[in-house]
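*Asks:* Build me a structure from this.
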Amino acid sequence: MASKKSPLTEKKIAIATELKDKNWLVVRISDNASGIPPDVQEKIFETFFTTKARGVGTGMGLSISHQIVVEKHGGQLICKSEVGSGTEFIISLPIQKQHLTENAQL
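*Replies:* The predicted structure is shown next:
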């Protein structure tokens with residue numbers, strides 16, 4: 001007999017988008033997992049930072065993501081997390097009409 005997960009322990013991921021002030025696209029990605037400790041949050045976007053065992057990860061994923069969003073597109077990438085309550089990443093990108101294709105509409 002398969003066991004049922006309690007709704008309180010079921011892991012969920014949510015993705016939401018919004019257009020803010022007609023100039024910013026905001027994407028929020030959140031979960032209800034265990035959260036990220038404050039000492040890890042301080043380093044999360046640093047190049048080569050990883051919490052994985054040696055040889056398992058490079059520590060480049062969030063660093064590269066941060067560079068693309070912030071340096072290449074002039075946006076923001078923020079991590080909000082509380083241990084025991086989950087994590088939310090907020091990506092804010094400026095909308096530049098000159099970069100839209102002819103067929104794209106907002």
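*Asks:* Rounded mean pLDDT for stretch 41-49, please.
*Replies:* The average pLDDT for stretch 41-49 rounds to 93.
*Asks:* what sits up against that stretch?
*Replies:* In this structure, residues lying in contact with stretch 41-49 by C-beta atoms under 8 Å, 6 or more residues apart in numbering are 36, 58, 59, 60, 62, 63, 65, 66, 77, 79, 81. (Glycine included, C-beta is placed from N, CA and C.)
*Asks:* rerun that using 7 Å as the cut-off
*Replies:* Here stretch 41-49 makes contact (C-beta atoms under 7 Å, 6 or more residues apart in numbering) with 36, 59, 60, 62, 63, 66, 79, 81.
*Asks:* Stretch 82-97 now?
*Replies:* 23-37, 69, 73-81.
*Asks:* List the buried residues of that stretch.
*Replies:* Neighbour counts using 16 or more other C-beta atoms under 10 Å place 86, 87, 88, 89, 91, 92, 93 of stretch 82-97 among the buried residues.
*Asks:* Next, the contact list for residue 31, please.
*Replies:* With contacts taken as C-beta under 7 Å, 6+ apart, residue 31 has the following neighbours: 11, 12, 13, 86, 87.
*Asks:* ok, so what distance separates it from residue 10?
*Replies:* Distance from residue 31 to residue 10, counting by C-beta to C-beta, to the nearest Å: 11 Å.
*Asks:* same thing with residue 16?
*Replies:* Spatial separation of residue 16 from residue 10 under the definition C-beta to C-beta is 19 Å.
*Asks:* got it, and residue 52?
*Replies:* Taken as C-beta to C-beta, the spacing of residue 52 relative to residue 10 amounts to 25 Å.
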